[in-house]
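**Q** Sequence first, then the predicted structure, then my questions.
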Amino acid sequence: MDLLPVGICIVDDSLTVRYWNACLEEWTGTPAAEIVGQKVTEHFPGLKKAGFIDRIGQVLQGGAPTVFSSQIHTCLIPSHFPDGTIRVQRTTLIPLETGEKGRFDAMFVCEDVSALTQQVKSYRAMRNQTLHELEERRKAELALIAANEDLRVYFAEHTSRLTEPLNGTAADLEAILQEMEAEARDSDAVREKLRDAIGTIRTMEKRLTELIEVARKEQQDVGQEQSYFMPRTIQGSYRP
Amino acid sequence: MKGLSTEDLDAVKELVNIGVGRAAAMLNEITCSHITLHVPTLQVIRLDELDSAGGLSGRTGAATVKIDFRGFFTGTTALIFPPESAAALVMAITGEGEDLPELDAIRIETLMEVGNIFINGVMGSIGNVLGQQITYLPPVYVEDTMANIVRTARFDPDERVLLANTRFYVEDINVEGIIAMILEIGSLDTLLEKIAVVRGV
């Protein structure tokens, strides 16, 4: 048992140490010669607590093996790493039959789970962080979908405000062209229609500018770069 | 097999309740929580009925802590939970507060201790009635479907199972688990005979 990578300590029913392996010597710094023959509770008084001593007693009466988890107890036989941190252990107590009927010894099997504990805690932190980021991403995606829908509705509303007047202006200009071709033009009426058409075109230019600004702002908000082209033909080059 | 009377079932249920009470006291001693345990029902079924009678049929897995015992009284005692309930119970007992109820390696180890205390309490109560030494193996954790756990058990499908539904009340949570004591043929008769002697019947 000296070759095992776990701590092994055997006590009799008076809690006197009968065996102390090399692993426990290294972990605790207590040589076997110093503790064998002594009461384990003298070296480790924490074992006298009710939650330990009762359960150790049950094992010494031949009861079932008993597990002491690292999360509830940290360790039964305390030991520390060179940097001072405590060694986290899972301990199992196993009854050992002695040669005498009805009498048992108890074997402490102490496993170092410090690295496992740290890994689990790191995993939990990483998992929680990932879940948090996923939730934030989900919220952002929902917000983007809502914003895109608002933009779609906005553009749908304003498209009709552009196309209807433009259709009217095109019709007026066609009528002017027909009158000119038929040489049956009324100059005042033609001027009036041309002014109306120019007014409509100026209004459309303004609305298009607004739309382009809205779209540009939306693009900037989601971090995308895009350049917008405004045709010079509608940049107000005509003046009546 | 000897027929099981209502009095027999009540006597066995009383033993289980005594053991459960001891286990609750021990758990309260070693943890920072206040736990109460209650065993509302106890029944005897066949082993091949455990999957359906346990209420965990069809689940992807059940979190199980089990201890085998042998000698003149032979069988396996298991404490069985749905995994998410087991995680919630462990977290309530250890006061972990707000975290996902997930059974990782640390919590499985803690569940093994909780199950160990619980099973030892029940088996200790039964062992006192039997008056003879029982040999136990160390506790084992298994996460598998009930059907697979039953299938890999070394027992015959005709073996009897003492099935007790158990409620754990911790803080503001209520977790339901199952104690299943799978007994080799003859062991249940031995237990009932011993109980009859104690009762003076």
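**A** All right, it came through fine.
**Q** give me the beta-bridge partners of the nearest residue to residue A:32 once chain neighbours are set aside?
**A** Nearest in space to residue A:32, with sequence neighbours left out and distances taken as CB to CB, 6 or more residues apart in numbering or on different chains, is residue A:20 at 4.2 Å. Every residue, glycine included, has its C-beta placed from N, CA and C. Note on residue A:20: beta-bridge partners by DSSP bridges are residue A:9.
**Q** Quick one: residues contacting residue A:20.
**A** The contact partners of residue A:20, taken as CB atoms under 8 Å, 6 or more residues apart in numbering or on different chains, are A:8, A:9, A:30, A:32, A:35, A:36.
**Q** which one of the residues you listed sits closest to chain B?
**A** Nearest to chain B, judged by CB to the nearest CB, of the contacts of residue A:20 is residue A:8 at 14.4 Å.
**Q** Now that that closest one has come up, it's in contact with residue A:107, right?
**A** Yes. Here residue A:8 lies in contact with residue A:107, judged by CB atoms under 8 Å, at a distance of 6.6 Å.
**Q** Can you get me a residue count around residue 134?
**A** As the question left the chain open, I've gone with chain A. In terms of burial, residue A:134 registers 10 neighbours under the definition other CB atoms under 10 Å in any protein chain shown.
**Q** try chain B instead
**A** Taking other CB under 10 Å as the neighbour definition, residue B:134 ends up with a count of 19.
**Q** just checking, it touches residue B:123?
**A** Yes. Residue B:134 lies in contact with residue B:123 (CB under 8 Å); the separation is 7.1 Å.
**Q** which residues of chain A score low on pLDDT?
**A** Screening chain A residue by residue with the criterion pLDDT under 70, one finds the ranges A:184-185, A:219, A:221-240.
**Q** please redo it, this time with the cut-off set to 90
**A** With pLDDT under 90 as the threshold, chain A has low-confidence stretches at A:1-4, A:49-52, A:54, A:61-63, A:99-102, A:147-240.
**Q** Domain map for it?
**A** As assigned by automatic domain parsing, chain A contains the domains A:7-115, A:131-230.
**Q** Can you say which of those is nearest to residue B:148?
**A** domain A:7-115 (23.5 Å; CB to CB).
**Q** Check the offset of the closest one from the chain's centre.
**A** Per CA atoms, centre = their mean, to the nearest Å, the displacement of domain A:7-115 from the mean C-alpha position of its chain is 40 Å.
**Q** ditto for stretch A:128-145
**A** 9 Å.
**Q** In PDB, list the C-alpha atoms belonging to it.
**A** Listed in PDB are the C-alpha atoms of stretch A:128-145, where the atom choice follows Å, rounded to 0.1, in the frame of the first residue of the first chain:
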ATOM      1  CA  ASN A 128     -21.800  30.500 -17.200                       C
ATOM      2  CA  GLN A 129     -19.900  33.100 -19.200                       C
ATOM      3  CA  THR A 130     -20.800  31.300 -22.400                       C
ATOM      4  CA  LEU A 131     -24.500  31.100 -21.500                       C
ATOM      5  CA  HIS A 132     -24.500  34.800 -20.600                       C
ATOM      6  CA  GLU A 133     -22.900  35.700 -23.900                       C
ATOM      7  CA  LEU A 134     -25.400  33.500 -25.800                       C
ATOM      8  CA  GLU A 135     -28.200  35.200 -24.000                       C
ATOM      9  CA  GLU A 136     -26.800  38.700 -24.900                       C
ATOM     10  CA  ARG A 137     -26.400  37.600 -28.500                       C
ATOM     11  CA  ARG A 138     -30.000  36.300 -28.600                       C
ATOM     12  CA  LYS A 139     -31.300  39.600 -27.300                       C
ATOM     13  CA  ALA A 140     -29.200  41.500 -29.800                       C
ATOM     14  CA  GLU A 141     -30.500  39.300 -32.700                       C
ATOM     15  CA  LEU A 142     -34.100  39.900 -31.500                       C
ATOM     16  CA  ALA A 143     -33.500  43.700 -31.400                       C
ATOM     17  CA  LEU A 144     -31.900  43.600 -34.900                       C
ATOM     18  CA  ILE A 145     -34.900  41.700 -36.300                       C
END
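**Q** Pick out the residue nearest the middle of chain B.
**A** Nearest residue to the geometric centre of chain B (CA atoms, centre = their mean): residue B:179, 2.7 Å.
**Q** Burial check on residue 138, number of neighbours?
**A** If you meant another chain, say so; for now it's chain A. Neighbouring residues of residue A:138 were enumerated by other CB under 10 Å; the total is 10.
**Q** Can you look at chain B instead?
**A** If you count neighbours by other CB under 10 Å, residue B:138 ends up with 16.
**Q** again with residue A:82
**A** By other CB under 10 Å, 5 other residues sit near residue A:82.
**Q** Tell me how far it lies from chain B.
**A** Going from residue A:82 to chain B by CB to the nearest CB, to the nearest Å gives 24 Å.
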